[in-house]
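J.: Predicted model follows, preceded by the sequence.
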Amino acid sequence: MAIHRSAIITTRSARETARLGHFLAGSLRSRHVIALIGGLGSGKTILTQAIARYLGVRRPVKSPTFVLIASHTATRTGVSTLFHVDCYRVRRLTGSDRAAIMEAIEMPHSVTLIEWADRIPSVLAHVPQRRLSTISIAVAGTHARRLSVTGALTGSARKWATAHPSSVPVPAVQPVICSPGRRRPCAHS
């Protein structure tokens, strides 16, 4: 039986969202993948920039909307490259696009951030759960954002939620019932 864990955090400003990204970046390891999901202006790029700063990326990190993958040199111990993937314009992945994303994901000493990750579920299905975190961001007010963190960064997100009173921890530990060899998706009980 697998366990699905999540934490929900509310940030009250872009600055607080950036601080959360910086905090979460401290838990990243080589070949970690962060799948960012949220609408336009929800804060995906703010999180990406904060994580990049923590990893020691010196040049500005902008959303690579017209380029599928941007590569940035990182200087933090254990991570030498940050791959920033933007799937905003992806309607259907070509074989070469899929191969390029998978190559970035599997590159040693790298971290991969994927904006609009909900558009490439078939690629994310190949990432081991121990290396994958999903952060879904919803606008909760003019400056407020509600972030749902699942996967490998959940423990760090819970630490943040405990330390920051504006955050709302969610003790959602739900069993996921899976049968080996079963073709249908796992059911949550």
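T.: Here it is on my side, so go on. Numbering: from 1, shown residues only.
J.: okay, residue 74: pLDDT?
T.: Listed pLDDT for residue 74 reads 92.
J.: quick one, what contacts it?
T.: Counting by C-beta atoms under 8 Å, 6 or more residues apart in numbering, residue 74 makes contact with 52, 55-57, 80-82, 111. Quick note: C-beta positions are derived from backbone N, CA and C, even for glycine.
J.: what ranges do the strands span in this protein?
T.: With strands called from DSSP state E, the chain shows them at 2-11, 32-37, 69-73, 81-86, 110-115, 132-139, 145-151, 172-177, 187-188.
J.: and the fourth one, how far from the chain's centre?
T.: What that stands for is strand 81-86. Here the centre of strand 81-86 is set off from its chain's centre by 11 Å, with C-alpha atoms, centre = their mean, to the nearest Å.
J.: Show me what that strand is in contact with.
T.: The contact list for strand 81-86, computed with C-beta under 8 Å, 6+ apart, reads 48, 51-52, 55, 57, 61, 63-65, 67-74, 101, 104-105, 107, 109-116.
J.: let's go with 6 Å and repeat that
T.: Applying C-beta atoms under 6 Å, 6 or more residues apart in numbering, the external contacts of strand 81-86 come out as 52, 55, 57, 63-65, 69-72, 74, 101, 104, 110-115.
J.: Who does the residue nearest to the spatial centre of the chain form a beta bridge with?
T.: With distances taken as C-alpha atoms, centre = their mean, the residue of the chain nearest its centroid is residue 34 (2.5 Å). Beta-bridge partners of residue 34, counted by DSSP bridges, are residue 113, residue 133.
J.: possible to save the contacts of residue 74 as JSON lines with neighbour count and distance to residue 162?
T.: Listed next are the contacts of residue 74 as JSON lines, based on neighbours: other C-beta atoms under 10 Å; distance: C-beta to C-beta, whole Å:
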{"residue": "52", "neighbour count": "23", "distance to residue 162": "26"}
{"residue": "55", "neighbour count": "25", "distance to residue 162": "24"}
{"residue": "56", "neighbour count": "15", "distance to residue 162": "27"}
{"residue": "57", "neighbour count": "21", "distance to residue 162": "28"}
{"residue": "80", "neighbour count": "17", "distance to residue 162": "32"}
{"residue": "81", "neighbour count": "18", "distance to residue 162": "32"}
{"residue": "82", "neighbour count": "26", "distance to residue 162": "28"}
{"residue": "111", "neighbour count": "30", "distance to residue 162": "24"}
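J.: Find the residue closest to residue 93 in space, skipping its chain neighbours.
T.: Nearest residue to residue 93, sequence neighbours excluded (C-beta to C-beta, 6 or more residues apart in numbering): residue 120, at 6.2 Å.
J.: Next: residue 130.
T.: That would be residue 152: by C-beta to C-beta, 6+ apart, it lies 6.0 Å from residue 130.
J.: ditto for residue 49
T.: Per C-beta to C-beta, 6+ apart, closest to residue 49 is residue 61, 5.1 Å.
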